[in-house]
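Peer 1: the sequence isn't on hand, but the structure is:
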């Protein structure tokens, strides 16, 4: 059975103490109980507590008593969050019953596996053996059957973001969706247009964080969610791509996520020394609780979004999409704005779409030069490996079973050359330590401050990455020669 850090148990004891002083009963509900019954480790310490009355007022009191932060969630529904910034961040979400009892409240939740409660006082007596369970909708049975069952027929109309939550839970828990849920989801899809972008974003990126994002996105496509959330994407449905591709534009983009799921799970198809650095890189949080892994998969979904508007058919029947990467990159900001991504996340996705073809061009070179490696990472910086992985997912989704194994081996070797340069040869090829700074350059060459200094520093860094120079003296000589020849004006 799942065990919990002492800090969480201490926090819940304090919550119970404050609630008892206010004569308010507390019940643990939702994810903590569900994951505990499944013996799943908690990814984040977020706890749902249901109370019969005064949820927001109680959250205020708990925040004051525990020196935590109070975060309003939905005052009209009596919901608020208390954030405890201890050694590990702990979030306690307090919500007032919907209905006149805990039983009535559970019947109005999203899915039966989340509609199981335990009195907080009972849970604190035996934290590692929760009980007695309050389970009016037989959620424990659904857990054993690994089924996701809506609590009531109107669950998706009641809160349309639950359509996305259904796909997320199915992916995270690897549960099957109850067949009766799908028509209920489809009927509620139009209402998703009115849901706050932040809620959509959190669910969508949580899907991409899993290793089962492809079936989840396929489900959302089939019930019409993508048409509402990203209409720029679904114009690719049915758009034929010609012989090099075995799927239409939209189908290919969704298949690219399947390939990302496959190799981002454990990186087993790459050389062993690369696996741990790549896993750590993809786990980096670009913003809190949103990782590179999730943004790479979002980029996979969007990478060919510019193709439909760039499609041409030549007289010989050949189909082309020239410039689709530039057009796609132009579409990205409006999409990421709707999803309320940060500027940093938006720029990362835009760069992936803009440059997703570039690693493929490099993979065809007979030899990968140090200059080519340097220029790739100069343009993409720390997002370079993200671009390489987006391209690899694209490449693996392109021809499917028709791919030539010898060609794949050659392209994978090029990919690994670039990844090895980033992870193991950065000081030599990617970002060599500066041999000379701008002030030293100006003094030695007697030139004023201005754009020329930056151009010369760039010239020196590139020559250093290529292995042509190694010392400050050589750097000054190179810069002086460039000034004398007049090429750095």
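Peer 2: Right, received. Where do you want to start? Just so we're clear, the structure is a prediction, and the values are computed from it rather than from any experiment. Numbers count the residues shown, from 1 in each chain.
Peer 1: residue 217 versus residue 209, what's the distance?
Peer 2: 13 Å (Cβ to Cβ, to the nearest Å). C-betas here are computed from N, CA, C, even on glycine.
Peer 1: and these two? Which one has more around it.
Peer 2: Legend: neighbour count by other Cβ atoms under 10 Å for residue 209 and residue 217, higher for residue 217 (25 against 20).
Peer 1: in contact with that one, which residues?
Peer 2: 167, 207, 226, 254, 257, 301 (Cβ atoms under 8 Å, 6 or more residues apart in numbering).
Peer 1: domain-wise, how is this protein divided?
Peer 2: Split into domains by automatic domain parsing, the chain comes to 1-145, 147-229, 241-430, 438-485.
Peer 1: wait, which of these is closest to residue 235?
Peer 2: When the domains of the chain are compared for distance to residue 235 using Cβ to Cβ, the nearest one is domain 241-430, at 4.8 Å.
Peer 1: and the closest one, how far from the chain's centre?
Peer 2: Centroid displacement of domain 241-430 relative to its chain, using Cα atoms, centre = their mean, to the nearest Å, is 15 Å.
Peer 1: what of stretch 191-206?
Peer 2: Counting by Cα atoms, centre = their mean, stretch 191-206 comes out at 14 Å from the chain centroid.
Peer 1: model confidence over it, on average?
Peer 2: Averaging pLDDT along stretch 191-206 yields 96.
Peer 1: please apply the same query to stretch 425-442.
Peer 2: pLDDT averaged over stretch 425-442 gives 88.
Peer 1: okay, buried residues for it please.
Peer 2: Neighbour counts using 16 or more other Cβ atoms under 10 Å place 428-432, 435-436, 441-442 of stretch 425-442 among the buried residues.
Peer 1: same question, stretch 5-12
Peer 2: Those would be 8, 11-12, for stretch 5-12 by 16+ other Cβ under 10 Å.
Peer 1: need the residues you listed in JSON lines (columns: pLDDT).
Peer 2: Formatted as JSON lines, the buried residues of stretch 5-12 follow (pLDDT from 0 to 100):
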{"residue": "8", "pLDDT": "91"}
{"residue": "11", "pLDDT": "94"}
{"residue": "12", "pLDDT": "95"}
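Peer 1: out of those, which comes closest to residue 69?
Peer 2: For the buried residues of stretch 5-12, the nearest to residue 69 is residue 11 (13.2 Å; Cβ to Cβ).
Peer 1: that closest one: which element?
Peer 2: helix 6-21 (DSSP states H and E).
Peer 1: hang on, the earlier thing: reformat the buried residues of stretch 425-442 as CSV; add distance to residue 242 and secondary structure.
Peer 2: CSV is the format used below for those (distance: Cβ to Cβ, whole Å; DSSP: H, G, I helix; E, B strand; the rest coil):
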residue, distance to residue 242, secondary structure
428, 41, helix
429, 37, helix
430, 36, helix
431, 39, coil
432, 42, coil
435, 49, coil
436, 51, coil
441, 51, helix
442, 55, helix
